[in-house]
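J.: Let me see the structure of the following:
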Amino acid sequence: METEYVGVAELQKRVREGLATRIIGQDDIIQQVLTAFFSGGHVLVIGVPGLAKTLMIRSLAELLDLQFSRVQFTPDLMPQDITGTSILTSDVDTGDRTFRFRKGPIFANLLLGDEINRTPPKTQAALLEAMEEGQVTVMGDRHPLPSPFFVMATQNPLDQEGTYPLPFTQLDRFAFQVILDYPAAEEELDVVSTTTARPESSLQPVVPGAWLTQAIEEVERVEIPNWALLRATKIVRSTRPAEEDGSPVAAELLAYGAGPRGIQTILRTARARAALQGRNTVTAQDLDDVILPSLRHRVVLSVHAEAEGLTEDTVIQRIRESIGDLDGHTPEVDPGEMGFFRRWLEQLSESTPRFRTSRKGN
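T.: Have a look, this model is predicted:
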């Protein structure tokens, strides 16, 4: 395996080629998962069982030579079942008794939280500190998590009886909410014929682990034009019904809009999207591609919208249309206002979890 870094676009190409040997179709979903991963964010996947969610994240871990862990959320799962617990141990020679921390399954690079809405809020909250801070605190002691640390949680849209919907504050910790639907007829036929004809193929790492550090640094060097900063801010502010400069669409169809983290997510993931396509500047298409997965879980429909049978995606699309099309040109902007955005972007880059070389067994 070569040692010279080839760029995040080539890295993505190799990963997708490896995934294609196991996963048929789901190209858009894979694209969104990789975009969130390289932006340092997490993903919430909404979809029925059996659509290769576990296979996707496990295969990604194998291709990138990262440690994978899976947690099946159940009503009786406790926080320490995820984070780990301190065990009282005795020294054989001295007889001294001390607490020794035993790590839980959260100590992995890629964590799959299956059916996260089936566990009580106390256990759901165990992920909050990990997702936001990259660490867990047990009995007052802080334990850093491996880097990179990526969470893909799933929710089953069916069988909602006895479930615990994720609170709005936890939903806001996810960069993307991805909607995973049934495959097309041709793809499903290929899935069935492939999986029943031969055993699952093995995967080998396709890139050196050290490349992940260089990949995230390349993502952070992607330029975000002034118009993109203002466009993302305008779209998110337009989702807030009470804002004076908000959209009339939001005032009628939304009960709550997205917060500042929605703007940060749009910009951060648009930057990753551009890097994955081999560009060093965010384009209008990059911004367009990430708006729906970035915002659909950050807005709440009004009673009127629910009565009409509208979805979050439909309302967000209407808000985008009411604002107008992206032209990709930089408008006249007050220098003081742009200084605020630049300082904000610098703070965002500093707070984004960095990739360090982290291989299996570390």
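J.: For Ile179, which residues count as its bridge partners?
T.: As for beta bridges, Ile179 partners with Ile46 under DSSP bridges.
J.: Can you name the residues that contact it?
T.: 46-47, 296 (Cβ atoms under 8 Å, 6 or more residues apart in numbering). For the C-beta atoms, the positions are set from N, CA and C on the backbone; glycine is no exception.
J.: Could you pull up the residues touching Leu128?
T.: Here Leu128 is in contact with 169-170, 173 (Cβ under 8 Å, 6+ apart).
J.: Now, of those residues, which are buried?
T.: 170, 173 (16 or more other Cβ atoms under 10 Å).
J.: Find the residue ranges of the protein scoring beneath the pLDDT cut-off.
T.: 1-3, 159-162, 187-188, 191, 193-201, 325-362 (pLDDT under 70).
J.: again, 50 this time
T.: In the predicted model of the chain, residues 326-338, 352-362 satisfy pLDDT under 50.
J.: Now tabulate the contacts of Ile179 in CSV and tack on distance to Leu128 and neighbour count.
T.: Listed next are these as CSV, based on distance: Cβ to Cβ, whole Å; neighbours: other Cβ atoms under 10 Å:
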residue, distance to Leu128, neighbour count
Ile46, 20, 17
Gly47, 23, 19
Arg296, 20, 21
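J.: Next, count neighbours for the closest residue to Pro165 other than its chain neighbours.
T.: Leaving out its chain neighbours, the residue that sits closest to Pro165 by Cβ to Cβ, 6 or more residues apart in numbering is Asn117, at 5.9 Å. Applying other Cβ atoms under 10 Å, we find 20 residues neighbouring Asn117.
J.: Asn117: what's it in contact with?
T.: Per Cβ under 8 Å, 6+ apart, neighbours of Asn117: 73, 155-156, 163-166.
J.: between those, which is nearest Gly209?
T.: Taking Cβ to Cβ as the measure, Gly209 lies nearest Phe73 of the contacts of Asn117, at 29.2 Å.
J.: So what does the nearest residue to the closest one once chain neighbours are set aside have for phi and psi?
T.: The shortest distance from Phe73 to any non-neighbouring residue, by Cβ to Cβ, 6+ apart, is to Thr119 (3.9 Å). Backbone torsions for Thr119, taken as degrees, to the nearest 10, come to phi -120, psi 150.
J.: Touching, Arg231 and Val290? I think so.
T.: No - counting by Cβ atoms under 8 Å, Arg231 sits too far from Val290 to count as a contact (11.9 Å).
J.: any idea how far the residue nearest to Pro165 is from Gln124?
T.: 8 Å (Cβ to Cβ, to the nearest Å).
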